[in-house]
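Colleague: Sequence below, structure please.
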Amino acid sequence: MSDQRTALVLGGGGITGIAWEIGVLAGLAEAGVDLSGAELVVGTSAGSVVGAQLTGGAPLEEMYARQLEPPAQEKGARMTRGNLARYAWAMLVSRGRDAEFRRRVGALALAAERAGLTPSEEERLEVIGSRLVTRTWPERALTVTAVDAATGEFHAFDRNSGVPLLQAVAASCAVPGVYPPVTIGDRRYVDGGMRSAANADLADGYERVVVLAPIPRGVGPMASVDAQVTGMVARVAVVAPDEAGRTAIGRNVLDPAAREPAARAGRVQAAAVAERVADVWNG
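Modeller: Have a look, this model is predicted:
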């Protein structure tokens, strides 16, 4: 066992995933289980936004209050049936080959961008930038995941990777077919959730691990949270939305109107899981 102790894994789940995770974190802190001091934070997609805010020094109550604000002019989006069909086809023809699946969804993302079916990259960077409290990597260990759109290669960015924090988070949130790939150097990157909705295995080697997973299940070559934490030599607590949380989140995780109820549901759920999480976190 290493001397590295606590890791917080924040999974993907769209706009509502951000809200639900922040609600859970705020509720746990209120119950006396503050996860904000984790020695490692792993963020994928929605989780990369929450992780960047948390390690950037944003107070949890301020983060939570922002989720309760009216969505104003924030644009919603939706995973269309056409996109879902293309994902399914990519899974089918990839025949379980992880990198091949990711390469195919990367190609899907690039094609959607060329066809004008996504916002511009500049617009997305502006949106993601508005969600960050700082554009500087924190001193604390933060890992942000993304996938090379051309090769399907999985990347875990941190402050030593030479990648700007804004671009790393925007890439991690670049849902293929919905948002454009993000340019980093001479490469284009898409959502780290194309490998796994949480990438919880990046916390392997830590003694105590808490995973907040708006989407805990796996589909095809995208590994589930349970599959990734099984076999870890660690104490692990996985928290996924309960029935009330799933209802609050609704069917469209990219709908800003569902942000407030998702945050409130996460905070309520925190009280029910606080003891279980504390048993893991406090050793």
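
Colleague: Let me see the contact set for residue 192.
Modeller: 12, 44-45, 48, 144-147, 154-155, 171-172, 199 (C-beta atoms under 8 Å, 6 or more residues apart in numbering). Where you see a C-beta, it was placed from the backbone N, CA and C, and this is true even at glycine.

Colleague: which residue packs closest to it, ignoring adjacent ones?
Modeller: Using C-beta to C-beta, 6 or more residues apart in numbering and skipping the chain neighbours, the partner closest in space to residue 192 is residue 145 (2.8 Å).

Colleague: beta partners for that neighbour?
Modeller: residue 156 (DSSP bridges).

Colleague: From residue 183, how far out is the closest residue to residue 238 other than its chain neighbours?
Modeller: Spatially, and ignoring its direct neighbours in sequence, residue 238 is nearest to residue 211 (4.6 Å; C-beta to C-beta, 6+ apart). Separation of residue 211 from residue 183 (C-beta to C-beta, to the nearest Å): 30 Å.

Colleague: So for these two, which residue has more residues nearby?
Modeller: residue 211 (25 against 15; other C-beta atoms under 10 Å).

Colleague: Name the helix or strand for the more buried one, please.
Modeller: Residue 211 is part of strand 208-212 when elements are defined by DSSP states H and E.

Colleague: If we go by neighbour counts, what in the helix or strand bottoming out on mean pLDDT in the chain is buried?
Modeller: Within the chain, confidence by mean pLDDT, DSSP states H and E is lowest for helix 81-94 among all helices and strands, at a mean of 84. By 16 or more other C-beta atoms under 10 Å, the buried positions in helix 81-94 come out as 83, 86-87, 90-91, 94.

Colleague: And for residue 251, the neighbour number?
Modeller: Using other C-beta under 10 Å, residue 251 has 9 neighbouring residues.

Colleague: Lovely, talk soon.
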